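>>> need the 3D shape of this:
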Amino acid sequence: MEVREIRTFVTWGAPRNWVFVKVLTDAGIHGWGEATLEGKEETVRACVHELGRGLIGQDPLAVEHHWQALYRHGFWRGGVVLNSALAALDQALWDLRGKAWGVPVYRLLGGPTRRRVRVYTHVGIYNPAEMEEDARRAVADGFTAMKTGAWAGDTALPEAEAIAAFAERVGRLRAVVGPRVDIMIDNHGRSRPATAVRLMDALQPFGLLWLEEPTPPDDIEALARVRAAGPRMDLATGERLYSKWEYVPLLERRLVDVIQPDLCHAGGLTECKKLAALAEAYYVQVAPHSPQGPVSTAAAAHLALAIPNFLILEFVPSAPFRDRILREPWVVREGHLEVPERPGLGVELDEDALLASPPQRVGVPRGAWAADGSVADV
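Modelled structure (predicted):
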């Protein structure tokens, strides 16, 4: 069996565009991967085709070998664009591998380690005015965990007002969902260490499962200062780290309780399985970052079924687009994702439906400004 062709599709999935990759072989078997990188769709699409040339004529089942060649032989390595393109190709090769041998990918990775995959959803993320309505709907749909935050509009507020608004909203959310639903807060890496500590203190009464990206992801010393403050909630980070080498200092210094590798950005299943093993050595749990499309969800779910230190998986329904493009939609029941016992990743996409939903130039916030008009982090 040889790889013959690589196709890419960019489609609107709300609230972002999705980038899908299809690897085709001369044996009539194909594999699906996802390289969704919001705001950089055409960039990562071009990179998929550049890297993918190295797979043409190759045996698609030699997944580790191809990962090494695609990562190391370009001289320029790493970063979100290159590793997102690599991730999509890697996912597609694992999908092909499972289909070739007639088994789900998680079984090739060593699973099952559990019977089902717990998921959480978003409520009022980006827009706090929608938080309580979203939360009521999520509880009615059976979700037992939810995440909010990422409010770019708060960057124009003075620090004390922003923290007070944050705490007031989270208090309202806790009142809506009650004490048994897990709440996670995403800070989008916006805070200085002292600000992050004050935010943790303000949020402490609400029993958070974790505080995510309290400080900028490229400043490990800032995170160390937050950790030294002795938080009474778990710290989580990692969606903007793209390889095992970037995770090593985070784990060696025991700065977080939960890592969040993204199967679309951190080199795919091959790399993220290794990241989970690294985390296991430090008793750190894995909660894959996964707000993208259904192939990303599938890859993360198979990882979750194959590792011992999985905690919970991010899931954005993106209705009705997710179900429209899936030939056989996946089911979320009682706050858990049911992974079908189908070969490969268990996803088949409707190409006509992909083409019928062209990409849009809107979606997740792409701008944030301080009160004086200067640039702030989104």
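>>> how far is stretch 320-335 from where the chain is centred?
Distance of stretch 320-335 from the chain centroid (CA atoms, centre = their mean, to the nearest Å) equals 17 Å.
>>> stretch 335-343 too?
In terms of CA atoms, centre = their mean, the centre of stretch 335-343 is found 18 Å from the chain centre.
>>> and what of stretch 190-197?
23 Å.
>>> tell me the buried residues in it?
Arg190, Ser191, Arg192, Pro193, Thr195, Ala196, Val197 (16 or more other CB atoms under 10 Å). C-beta: built from backbone N, CA, C; applies to glycine.
>>> which non-adjacent residue is nearest the first one?
Think Arg190. Asp377 (4.8 Å; CB to CB, 6 or more residues apart in numbering).
>>> just confirm that neighbour contacts Asp218, I think it does.
No. Counting by CB atoms under 8 Å, Asp377 sits too far from Asp218 to count as a contact (11.2 Å).
>>> tell me which of the two has more neighbours.
Counted by other CB atoms under 10 Å, Asp377 and Asp218 do not tie: Asp377 has more neighbours, with 13 against 10.
>>> what about the more buried one, distance to Leu269?
Using CB to CB, to the nearest Å, one gets 30 Å for the distance from Asp377 to Leu269.
>>> okay, helices next: where are they in the stretch 101-250 of the chain?
For the stretch 101-250 of the chain, the helices defined by DSSP state H, counting those that start in this stretch occupy 105-108, 131-140, 159-177, 193-203, 220-228, 244-252.
>>> what residues are up against the nearest residue to Leu349 once chain neighbours are set aside?
Counting by CB to CB, 6+ apart, Ile325 is the residue found nearest to Leu349 once chain neighbours are left out, at 5.3 Å. Residues in contact with Ile325 (CB atoms under 8 Å, 6 or more residues apart in numbering) are Thr11, Gly13, Gly293, Pro294, Leu349, Asp350, Ala353, Leu354, Ser357.
>>> next one: phi and psi at His66?
phi -70, psi -40 (degrees, to the nearest 10).
>>> contact partners for it?
Counting by CB under 8 Å, 6+ apart, His66 makes contact with Gly54, Leu55, Gln58, Pro60, Leu89, Asp90, Leu93.
>>> also Glu271?
Applying CB under 8 Å, 6+ apart, we find Glu271 in contact with Trp67, Asn83, Ala87, Asp90, Ser243, Lys244, Pro261.
>>> leaving out sequence neighbours, find the closest residue to the first one.
Setting aside the residues directly before and after it, Trp67 is nearest to Thr270 in space (CB to CB, 6+ apart), at 4.6 Å.
>>> now Val48: which helix or strand?
Following DSSP states H and E, the helix or strand that holds Val48 is helix 41-52.
>>> burial of Gly230, as a residue count?
8.
>>> per the record, what domains does this structure have?
Listed by automatic domain parsing, the domain ranges of the chain are 3-102, 107-349.
>>> any idea how far Ala69 is from Gly367?
Applying CB to CB to Ala69 and Gly367 gives a distance of 39 Å.
>>> neighbour-wise, which of those two wins?
Ala69 (15 against 9).
>>> so what's that one up against?
Gly54.
>>> quick revisit: what's the ChimeraX syntax to select whichever of the contacts of His66 are buried?
Buried members of the contacts of His66, defined by 16+ other CB under 10 Å, are picked up in ChimeraX with:
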select :55,58,60,89,90,93
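>>> helices - which of the contacts of His66 land there?
The helices, defined by DSSP state H, take in Leu89, Asp90, Leu93 from those.
>>> could you dump those residues to CSV with distance to Pro249?
CSV is the format used below for the ones in helices among the contacts of His66 (distance: CB to CB, whole Å):
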residue, distance to Pro249
Leu89, 27
Asp90, 24
Leu93, 29
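>>> looking at the residues you listed, which is nearest Gly31?
If you rank the ones in helices among the contacts of His66 by distance to Gly31 using CB to CB, Leu93 comes first, at 6.0 Å.
>>> give me the ChimeraX select line for the contacts of Glu271, limited to the buried ones.
Buried residues within the contacts of Glu271, by 16+ other CB under 10 Å, are selected in ChimeraX with:
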select :67,83,87,90,243,244,261
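>>> in the contacts of Glu271, find the pair that's most separated.
Trp67 and Pro261 (14.7 Å).
>>> all helices of the stretch 251-378 of the chain, in order?
For the stretch 251-378 of the chain, the helices defined by DSSP H, counting those that start in this stretch occupy 268-280, 294-306, 321-325, 351-355.
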